[in-house]
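> Give the three-dimensional model of this entry:
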Amino acid sequence: MIRGRVTLPLLTAVALVWILPLVHLVQQSLSGGLDNYGSVLTQNGLGRNLLNSAIVSAVTILIVVGVGSLAAFAISNLAFPLRDASYLLMLTGLMMPTAAIVVPLSQIVNSLGWNNTYQALFVPYAALAFPFALLLLKAAFDDLPDALAEAAVLDGASHWKLFSRVLLPLTAPTMVMVTIWTFLGAWNELLLALIFEHKTEMQTITVVPLSFQNRFFVDVPKIFAALVVIEIPVVALYLLFQRRFERGLTAGAVK
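Purely as a prediction, here's the structure:
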């Protein structure tokens with residue numbers, strides 16, 4: 001009971017720290033009424049910006065979830081040379097901030113001629129999101145009972161059937177969590193989008209508020225309205241899959 005009395009106010013204080021900036025953002029965006037949103041939504045090219053972000057985010061998710069689940073299954077269930085060393089090497093990506101790789105990444109993108117293309121974004125996004133996804137997915141596969149894999153192998157299941165039909169469906173909560181986490185990273189990323197997408201028709205939605213600063217200058221409510229529009233898909237996705245997201249966070253915590 002004492003622990004509950006202490007925990008509730010603490011959690012409430014932490015929630016307020018996160019919620020108050022969002023409340024302020026919405027309040028400022030509504031200064032002067034809904035006309036701010038009308039001005040933002042009627043800007044030329046906004047639909048294309050939203051489409052660009054959707055395409056980049058979707059492809060990033062497909063790569064991360066697809067490759068990550070295969071890699072996690074292999075490391076968790078298969079024996080091959082340098083398995084542990086490979087896993088640790090891939091996890092080193094967790095210690096690599098985006099800003100630290102901008103220069104070499106720019107050289108690679110330029111040499112490949114990828115400027116103003118979707119792959120200039122979704123390839124780096126997938127590479128940056130992959131280590132964390134691998135960590136979570138491997139934990140999810142490790143958490144599954146060994147008897148399941150043993151029974152499937154005794155029944156003659158191949159590695160692919162063991163992966164796709166037996167084990168993968170059981171990691172659904174973690175898959176949802178990885179999907180949402182990857183979407184958040186790809187949808188909200190700004191630095192690489194600003195560097196690699198110079199053409200207006202190829203820019204993602206996160207670059208739009210910067211251009212709005214030039215169009216609206218000191219009209220802060222319109223800029224805040226643009227930020228709210230950007231965050232609506234993120235909030236909607238989280239609310240839709242909240243329970244699965246929470247289960248995915250704890251998947252693999254207990255064997």
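> Under a three-state scheme, what state does residue 31 occupy?
coil (DSSP: H, G, I helix; E, B strand; the rest coil).
> and the gap between it and residue 208?
Going from residue 31 to residue 208 by C-beta to C-beta, to the nearest Å gives 19 Å. For the C-beta atoms, the positions are set from N, CA and C on the backbone; glycine is no exception.
> who's more crowded, those two?
Shown here are residue 31 and residue 208; by other C-beta atoms under 10 Å, residue 208 has more neighbours (24 against 13).
> pretty sure residue 228 contacts residue 26?
Yes - taking C-beta atoms under 8 Å as the definition, residue 228 is a contact partner of residue 26 at 6.1 Å.
> who has more neighbours, those two?
The residue with more neighbours, out of residue 228 and residue 26, is residue 228; 18 against 14, by other C-beta under 10 Å.
> what residue lies at the spatial centre of the chain?
Among the residues of the chain, the one closest to the centroid is residue 182, at 1.9 Å (C-alpha atoms, centre = their mean).
> How about the contacts made by it?
By C-beta atoms under 8 Å, 6 or more residues apart in numbering, the contact list for residue 182 reads 57, 60, 61, 64, 65, 125, 129, 133.
> can you tell me the helix or strand for it?
Here residue 182 sits within helix 172-188, counting by DSSP states H and E.
> Just the buried positions in that helix, please.
173-183, 185-188 (16 or more other C-beta atoms under 10 Å).
> and residue 79, which of the three is it?
Under three-state DSSP, the three-state class of residue 79 is coil.
> Where does the prediction get shaky in the chain?
Residues of the chain meeting the criterion pLDDT under 70: 1-6, 44, 212-218, 242-255.
> For it, which segments are assigned as strands?
Read by DSSP state E, the chain holds no strands at all.
> sorry, back to before: show me which of the contacts of residue 182 is closest to residue 39.
If you rank the contacts of residue 182 by distance to residue 39 using C-beta to C-beta, residue 57 comes first, at 25.3 Å.
> The closest one contacts residue 184, doesn't it?
No - contact between residue 57 and residue 184 fails when scored by C-beta under 8 Å: they sit 9.1 Å apart.
> dump the residue contacts of residue 93.
By C-beta under 8 Å, 6+ apart, the contact set of residue 93 is 127, 128, 130, 131.
> circling back to that earlier point, for the buried residues of helix 172-188, work out which two are farthest apart.
With C-beta to C-beta as the measure, no two of the buried residues of helix 172-188 lie farther apart than 173 and 188, at 22.8 Å.
> rewinding a little: closest to residue 140 among the contacts of residue 182?
Nearest to residue 140, judged by C-beta to C-beta, of the contacts of residue 182 is residue 133 at 10.5 Å.
> Any figure for the gap between residue 168 and residue 121?
Residue 168 sits 27 Å away from residue 121, going by C-beta to C-beta.
> Show me which of those two is the more surrounded one.
Between residue 168 and residue 121, residue 121 has the larger neighbour count (other C-beta under 10 Å), namely 27 against 18.
> Enumerate every residue touching the closest residue to the more buried one other than its chain neighbours.
Of all residues not flanking residue 121 in the chain, residue 56 sits nearest, at 4.8 Å (C-beta to C-beta, 6 or more residues apart in numbering). By C-beta under 8 Å, 6+ apart, residue 56 lies in contact with 118, 121, 122, 125, 186, 204.
> TSV please, covering the contacts of residue 93 and showing distance to residue 104 and neighbour count.
Listed next are the contacts of residue 93 as TSV, based on distance: C-beta to C-beta, whole Å; neighbours: other C-beta atoms under 10 Å:
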residue	distance to residue 104	neighbour count
127	12	16
128	13	23
130	17	22
131	17	20
